[in-house]
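Trainee: coordinates only, sequence not included:
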């Protein structure tokens, strides 16, 4: 059974620099999404070096503070600490997961990407606050993890997990109610907002 959660967000937006619609930069799209009500943002960009990520992290830290939203940094625990981000997001197999809680302290958030029940168990073992699970539906960003797992696998993961589960992968506003009905605590996504010509409106559709 899922333990009571203190998370104050149900929509978890992950940056997708390559998917930003024409007429926007990553920062302008992120700000529009925050104006639309997004209250948690993960900086994720595996193509940028730590030195290239740093100014982006600081800029997003300023934006999220302005809109009273949370910022988590993907994989770079040191950058999360340096920028005073609200937490870190790690893969289930990351060795950083074993030391993240000790380094971050009890107040910061740890999110973990999972694709099966064993990975969910590992996240719980190292005091994660929540997991993302997927891909639920087909999505280009998760093709390397195999075919979509579907709502039944999501439902099983939610029943199994001792912590909140954010459904991830190909989720649109039209699919929101289905994944929540399957037991998801919230939704994690990239393209449904960052690829939208109006990210603010796209965010509002998930939150209303």
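Mentor: Arrived safely, thanks for sending. What you see is a predicted model, and the numbers here were worked out from it, not measured in a lab.
Trainee: host element of the closest residue to residue 59 other than its chain neighbours?
Mentor: With sequence-adjacent residues excluded and distances taken as Cβ to Cβ, 6 or more residues apart in numbering, residue 59 is closest to residue 27, at 5.8 Å. For glycine as for every other residue, the C-beta is placed from the backbone atoms N, C-alpha and C. In this assignment (DSSP states H and E), residue 27 forms part of helix 26-35.
Trainee: tell me how far that helix lies from the chain's centre.
Mentor: For helix 26-35, the separation from the chain centroid amounts to 15 Å (computed by Cα atoms, centre = their mean, to the nearest Å).
Trainee: which neighbouring elements make contact with that helix?
Mentor: Secondary structure elements in contact with helix 26-35, counted by 3 or more Cβ pairs under 8 Å, 6 or more residues apart in numbering; DSSP states H and E, are strand 40-43, helix 50-66, helix 191-194, helix 199-207.
Trainee: if you set the cut-off to 6 Å instead, what comes out?
Mentor: helix 199-207 (3 or more Cβ pairs under 6 Å, 6 or more residues apart in numbering; DSSP states H and E).
Trainee: how about residues contacting the helix it packs on?
Mentor: Helix 199-207 is contacted from outside by 11, 29, 32-33, 35-38, 173, 176, 193, 196, using Cβ atoms under 6 Å, 6 or more residues apart in numbering.
Trainee: avg pLDDT for it?
Mentor: Mean pLDDT, computed over helix 199-207, is 97.
Trainee: angle of it against helix 26-35?
Mentor: Using axes from the mean of the first three to the mean of the last three Cα atoms, to 10 degrees, one finds that helix 199-207 and helix 26-35 are set 40 degrees apart in direction.
Trainee: mind listing what's buried along helix 199-207?
Mentor: Using 16 or more other Cβ atoms under 10 Å as the test for burial, helix 199-207 gives 199-200, 202-206.
Trainee: all helices for the protein, in order.
Mentor: 26-35, 50-66, 77-82, 97-104, 117-125, 150-160, 176-181, 191-194, 199-207 (DSSP state H).
Trainee: pick the most buried one from the ones you listed.
Mentor: Mean neighbours per residue, mean count of other Cβ atoms under 10 Å, is largest over the helices of the chain for helix 191-194, with a mean of 24.
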